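K.L.:
Pasted the sequence and its predicted model underneath.
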Amino acid sequence: MTGSPGGHLAAQVRARRAVLRLRQDELADLAGVSERFVHALEKGKRTVQLDKVVAVLNALGLHLEIHRGADSEIR
(Lines give C-alpha, C1' and ligand atoms only; values in the text may rest on other atoms or scores of the structure.)
Protein backbone atom coordinates (compact mmCIF):
# COMPACT_ATOMS: atom_id res chain seq x y z
CA MET A 1 0.00 0.00 0.00
CA THR A 2 3.03 2.28 -0.08
CA GLY A 3 2.07 3.53 -3.56
CA SER A 4 -0.82 5.54 -2.11
CA PRO A 5 -0.44 8.64 0.04
CA GLY A 6 -1.86 6.72 3.00
CA GLY A 7 0.61 3.91 2.39
CA HIS A 8 3.50 6.37 2.26
CA LEU A 9 2.38 7.96 5.52
CA ALA A 10 2.04 4.53 7.12
CA ALA A 11 5.54 3.55 6.07
CA GLN A 12 7.01 6.80 7.40
CA VAL A 13 5.26 6.39 10.76
CA ARG A 14 6.42 2.76 11.08
CA ALA A 15 9.98 3.65 10.10
CA ARG A 16 10.24 6.58 12.53
CA ARG A 17 8.74 4.52 15.36
CA ALA A 18 11.34 1.83 14.66
CA VAL A 19 14.18 4.37 14.70
CA LEU A 20 12.94 5.65 18.06
CA ARG A 21 12.57 2.05 19.28
CA LEU A 22 9.00 2.60 20.40
CA ARG A 23 6.33 -0.06 20.58
CA GLN A 24 2.89 0.81 19.22
CA ASP A 25 1.46 1.03 22.73
CA GLU A 26 4.24 3.41 23.80
CA LEU A 27 3.65 5.65 20.80
CA ALA A 28 -0.07 5.61 21.49
CA ASP A 29 0.55 6.76 25.08
CA LEU A 30 2.88 9.54 23.94
CA ALA A 31 0.39 10.76 21.32
CA GLY A 32 -2.72 10.40 23.47
CA VAL A 33 -4.39 7.99 21.05
CA SER A 34 -5.31 4.32 21.25
CA GLU A 35 -2.95 1.54 20.29
CA ARG A 36 -5.65 0.44 17.84
CA PHE A 37 -5.40 3.83 16.11
CA VAL A 38 -1.61 3.54 15.77
CA HIS A 39 -2.03 0.06 14.33
CA ALA A 40 -4.64 1.27 11.81
CA LEU A 41 -2.47 4.25 10.82
CA GLU A 42 0.56 2.03 10.28
CA LYS A 43 -1.54 -0.32 8.14
CA GLY A 44 -2.48 2.60 5.88
CA LYS A 45 -6.16 2.78 6.81
CA ARG A 46 -7.76 5.30 4.48
CA THR A 47 -10.16 6.79 7.01
CA VAL A 48 -8.37 8.21 10.04
CA GLN A 49 -8.95 11.34 12.08
CA LEU A 50 -6.58 14.11 11.10
CA ASP A 51 -6.18 15.45 14.64
CA LYS A 52 -5.03 12.02 15.79
CA VAL A 53 -2.66 11.67 12.83
CA VAL A 54 -1.12 15.03 13.73
CA ALA A 55 -0.79 13.95 17.38
CA VAL A 56 1.08 10.79 16.33
CA LEU A 57 3.32 12.74 13.96
CA ASN A 58 4.11 15.27 16.70
CA ALA A 59 5.01 12.48 19.11
CA LEU A 60 7.41 11.12 16.48
CA GLY A 61 8.93 14.52 15.73
CA LEU A 62 7.42 14.55 12.25
CA HIS A 63 5.16 17.06 10.52
CA LEU A 64 2.65 17.01 7.70
CA GLU A 65 3.07 19.15 4.57
CA ILE A 66 0.57 19.86 1.84
CA HIS A 67 1.72 20.38 -1.73
CA ARG A 68 -0.33 21.32 -4.76
CA GLY A 69 -0.60 18.41 -7.13
CA ALA A 70 -0.32 18.44 -10.88
CA ASP A 71 -3.18 20.20 -12.67
CA SER A 72 -4.33 16.87 -14.07
CA GLU A 73 -4.98 15.71 -10.48
CA ILE A 74 -7.30 18.63 -9.74
CA ARG A 75 -10.91 18.10 -10.74
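P.N.:
Great, that's in hand.
K.L.:
switch to C-alpha atoms for all contacts and neighbour counts from now on
P.N.:
Noted.
K.L.:
where's residue 29 relative to residue 42, distance?
P.N.:
16 Å (Cα to Cα, to the nearest Å).
K.L.:
Same drill for those two, tell me which one is more crowded.
P.N.:
residue 42 (21 against 13; other Cα atoms under 10 Å).
K.L.:
gap between that one and residue 55?
P.N.:
14 Å.
K.L.:
Tell me the helices and strands packed up against the longest helix seen in the chain.
P.N.:
The longest helix of the chain (DSSP state H) is helix 5-19. On a contact count with 3 or more Cα pairs under 8 Å, 6 or more residues apart in numbering; DSSP states H and E, helix 5-19 meets helix 35-42, helix 50-60.
K.L.:
tell me the angle of the shortest one relative to helix 50-60?
P.N.:
So the one you mean is helix 35-42. If you take axes from the mean of the first three to the mean of the last three Cα atoms, to 10 degrees, helix 35-42 sits at 90 degrees to helix 50-60.
K.L.:
for the record, mean pLDDT for helix 35-42?
P.N.:
Mean per-residue pLDDT for helix 35-42: 97.
K.L.:
now the last one
P.N.:
Across helix 50-60, pLDDT averages out at 97.
K.L.:
Against which helices or strands is it packed?
P.N.:
Checked by 3+ Cα pairs under 8 Å, 6+ apart, helix 50-60 has helix 5-19, helix 24-31 packed alongside it.
K.L.:
same thing but at 6 Å, please
P.N.:
helix 24-31 (3 or more Cα pairs under 6 Å, 6 or more residues apart in numbering; DSSP states H and E).
K.L.:
So which bits of the helix it packs on are buried?
P.N.:
For helix 24-31, the buried set under the neighbour-count rule, 16 or more other Cα atoms under 10 Å, comprises 24, 25, 27, 28, 31.
K.L.:
dump the residue contacts of the residue lying closest to residue 55 once chain neighbours are set aside.
P.N.:
Once flanking residues are discounted, residue 55 sits nearest to residue 31: 5.2 Å by Cα to Cα, 6 or more residues apart in numbering. Residues in contact with residue 31, defined by Cα atoms under 6 Å, 6 or more residues apart in numbering, are 55, 56, 59.
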